[in-house]
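# coords please:
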Amino acid sequence: MIEIAIPGGRSLAIAHLVLDVNGTLALDGALLPGVKPRLEALRQQVQVHLLTADTHGRQAAVDAELGLQATIIRHGAAEKGAYVLGLGGEGVAAVGNGANDLVMFNAASLRIAVLGPEGLAAPLVAAADVLVRNIADGLDLLLYPSRLIATLRR
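Residues are numbered from 1 along each chain as shown. Presented below is the predicted three-dimensional model:
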């Protein structure tokens with residue numbers, strides 16, 4: 001678990017990290033640089049969940065590379081939100097870039113929007129707690145919580 005006390009704000013106890021795959025962790029179905037070692041480090045602290053529509057048909061290779069099993073989303077944004085709610089919502093950090101991540105963001109206690117190589121859906125900007133320029137920066141916020149504290153303190 002990652003525990004973060006944000007001065008002037010709230011305390012977070014993150015037990016689950018829910019990640020969109022395509023556009024967030026991967027480009028055209030291939031992992032982005034730096035993702036694998038960061039997720040390996042985070043798996044020591046939280047349970048990592050991958051959600052994807054498998055747009056590029058390469059999720060099995062991504063799963064094998066990461067040693068994880070993604071949940072394939074067949075019914076869009078509502079299914080992603082239901083997944084996060086099924087984990088309890090509180091204690092969930094959600095990371096994504098697409099419009100179909102909005103319901104997932106609204107259900108999570110910490111929301112990190114990634115401006116990656118596929119861009120970032122505008123509705124996520126307003127729903128996010130933090131906007132990062134790439135997935136490495138987003139994962140590093142959880143690996144180095146003082147960075148998150150510095151951004152979210154009031």
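# Give me the secondary structure label for residue 7.
coil (DSSP: H, G, I helix; E, B strand; the rest coil).
# again with residue 148
Going by three-state DSSP: residue 148 is helix.
# residue contacts, it?
Applying Cβ atoms under 8 Å, 6 or more residues apart in numbering, we find residue 148 in contact with 4, 6, 130, 141-142. Bear in mind the C-beta positions are built from the backbone N, C-alpha and C, glycine included.
# The residue nearest the centre of the chain and residue 154: what is the separation?
In the chain, the centroid-proximal residue (Cα atoms, centre = their mean) is residue 95; its distance is 2.1 Å. Counting by Cβ to Cβ, to the nearest Å, the separation of residue 95 from residue 154 is 23 Å.
# Same check on residue 129?
12 Å.
# more neighbours, the two?
Per other Cβ atoms under 10 Å, whichever of residue 129 and residue 154 has more neighbours is residue 129, with 20 against 6.
# In this structure that one contacts residue 152, no?
Yes: with contacts counted by Cβ atoms under 8 Å, residue 129 reaches residue 152, the gap being 6.4 Å.
# So which of the contacts of residue 148 is the closest to residue 71?
Ranked by distance to residue 71 (Cβ to Cβ), those are led by residue 142 at 20.0 Å.
# pretty sure the closest one contacts residue 17?
Yes: if you go by Cβ under 8 Å, residue 142 and residue 17 touch, sitting 6.8 Å apart.
# Now the contacts of residue 148 in a markdown table, please, with extra columns for distance to residue 68, secondary structure and neighbour count.
Formatted as a markdown table, these follow (distance: Cβ to Cβ, whole Å; DSSP: H, G, I helix; E, B strand; the rest coil; neighbours: other Cβ atoms under 10 Å):
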| residue | distance to residue 68 | secondary structure | neighbour count |
| --- | --- | --- | --- |
| 4 | 23 | strand | 19 |
| 6 | 28 | coil | 18 |
| 130 | 23 | strand | 17 |
| 141 | 20 | helix | 24 |
| 142 | 16 | helix | 22 |
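# and residue 5, how many neighbours?
12.
# and if you look at residue 86?
Residue 86 has 10 nearby residues by other Cβ under 10 Å.
# Tell me the spacing between it and residue 108.
Residue 86 is 12 Å from residue 108, by Cβ to Cβ.
# so what sits against both of those two?
In contact with both residue 86 and residue 108: no residue, using Cβ under 8 Å, 6+ apart.
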